[in-house]
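Engineer: With the input below, show me the fold.
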Amino acid sequence: MEAVELQLFNQEKTVNNILHNNIPVKKTEPSEPAINPQKTLEKALSAIFTPQDEDKIVQARRILGEVANDTSDEQLGVFINETQYLLNSWFDIFERQIFNGLTLREVLKGGENGKA
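Structural biologist: Below you'll find the model as predicted:
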């Protein structure tokens, strides 16, 4: 904590010297381009809400037919995610039975319990 306080003190001292002594400040080129928070947020949101999710809902509605007519997109999305989770869990159990306690991913990595 003392190192941080010392660093802040030195920065404050430098700023005061510049302000009170009219020391010219050198403009330096930024080493990295400035981060645009709006672009970063848009990128994160697009990663979360991909069109693939919409495609899955449309595909599920096509497969289920009239059964899905009374179901909202949100409910159908939850159903798809829960079903996918169950399938993944069942496959993991099956793979562990077949591959002596390892999943296929762990076997392909060549490590025990995912440790390669």
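Engineer: Could I get the full set of helices for the protein?
Structural biologist: Secondary structure of the chain (DSSP state H): helices located at 2-21, 37-48, 51-64, 73-98, 104-109.
Engineer: count of neighbours near I57?
Structural biologist: The local packing of I57 (other Cβ atoms under 10 Å) involves 19 other residues. (Each C-beta comes from the backbone N, C-alpha and C, glycine too.)
Engineer: My error: substitute T40 in the last question.
Structural biologist: Neighbour count of T40, defined by other Cβ under 10 Å: 10.
Engineer: same deal with E106?
Structural biologist: E106 is flanked by 19 other residues according to other Cβ under 10 Å.
Engineer: Would you mind measuring from it to N100?
Structural biologist: In this structure, E106 and N100 are separated by 10 Å, where distance is defined by Cβ to Cβ, to the nearest Å.
Engineer: One more: I80?
Structural biologist: Using Cβ to Cβ, one obtains 32 Å as the distance from I80 to N100.
Engineer: quick one: which of these two has more around it?
Structural biologist: The residue with more neighbours, out of I80 and N100, is I80; 15 against 8, by other Cβ under 10 Å.
Engineer: Does that one touch V58 like I think?
Structural biologist: No - the pair I80 and V58 fails to qualify as a contact (Cβ atoms under 8 Å) at a distance of 11.2 Å.
Engineer: tell me the pLDDT at G111?
Structural biologist: Among the per-residue scores, G111 holds a pLDDT of 61.
Engineer: I should have written V67 there, sorry.
Structural biologist: As summarised for this prediction, V67 has a pLDDT of 89.
Engineer: same check, this time on the one 5 residues further on
Structural biologist: On pLDDT, S72 comes in at 92.
Engineer: Now do the phi/psi pair for S72.
Structural biologist: The phi/psi pair for S72 (degrees, to the nearest 10) reads phi -80, psi 160.
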